[in-house]
Structures are given as C-alpha cells and as structure tokens.
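Peer 1: Make a model of this:
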Amino acid sequence: MTKPPRHRLVPTNVAALAVGVSEATIRKWVSRGKITRYGAPNCRSAFDIDELTQIALRRSPRPSGLPR
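Peer 2: Residues are numbered from 1 along each chain as shown. Next comes the predicted model:
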C-alpha cells in the first residue's frame, strides 16, 4: 500500500520569507484560495514548502523583454 504524500510545513513567517512577500500577503492568498493553509481552526497556520517553492518560481523576476 502506498503512503499518502506528507507535507513539509512551515509557519507563516517562514512562508512569507520563502516567497518574498509579507505575512499579510500570505494570509490574503489563503483567503483568495491561492495557497493552502494547514492546521486546525484557531491554531497557528502552516504552509507546504513545496507549494511555496512553486509560487516563488512563478514570481521570480525575469530579465526585461522576456515573456512570462
């Protein structure tokens, strides 16, 4: 039997640093459904580092003149 994938979770402040945005932006992304929040209600939020990596790669600055 295959085990379900495990999420490597980090707190909000680390998530914000990983993507290069503020903690408020991370919370805004959660409310808009752009990113998944893990953790029970009324508990500290945690975020999957792999999901954050994908977002950071999409947000990485590109040399001017190149299409996204």
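Peer 1: what residues are up against V21?
Peer 2: Neighbouring residues of V21 by Cβ atoms under 8 Å, 6 or more residues apart in numbering: there are none. Where you see a C-beta, it was placed from the backbone N, CA and C, and this is true even at glycine.
Peer 1: From R27, how far off is it?
Peer 2: Distance, V21 to R27, using Cβ to Cβ, to the nearest Å: 10 Å.
Peer 1: In the helix or strand encompassing L52, which residues are buried?
Peer 2: Per DSSP states H and E, L52 falls inside helix 49-59. Buried residues in helix 49-59, counting neighbours by 16 or more other Cβ atoms under 10 Å, are found at I49, E51, L52, I55.
Peer 1: Assess the claim that the last one and I26 are in contact.
Peer 2: No. With contact defined as Cβ atoms under 8 Å, I55 does not reach I26; the gap is 9.9 Å.
Peer 1: Let's see the pLDDT reported for P5.
Peer 2: In this prediction, P5 carries a pLDDT score of 69.
Peer 1: same question, A18
Peer 2: As predicted, A18 sits at a pLDDT of 91.
Peer 1: Not counting its neighbours along the chain, what's nearest the residue nearest to the spatial centre of the chain?
Peer 2: The centroid of the chain falls nearest to L52 when counting by Cα atoms, centre = their mean (3.3 Å). Once flanking residues are discounted, L52 sits nearest to A18: 4.7 Å by Cβ to Cβ, 6 or more residues apart in numbering.
Peer 1: Which parts of the helix or strand in which that neighbour is found count as buried, going by neighbours?
Peer 2: Here A18 sits within helix 12-19, counting by DSSP H and E. For helix 12-19, the neighbour count (16+ other Cβ under 10 Å) marks T12, V14, A15, A16, A18, V19 as buried.
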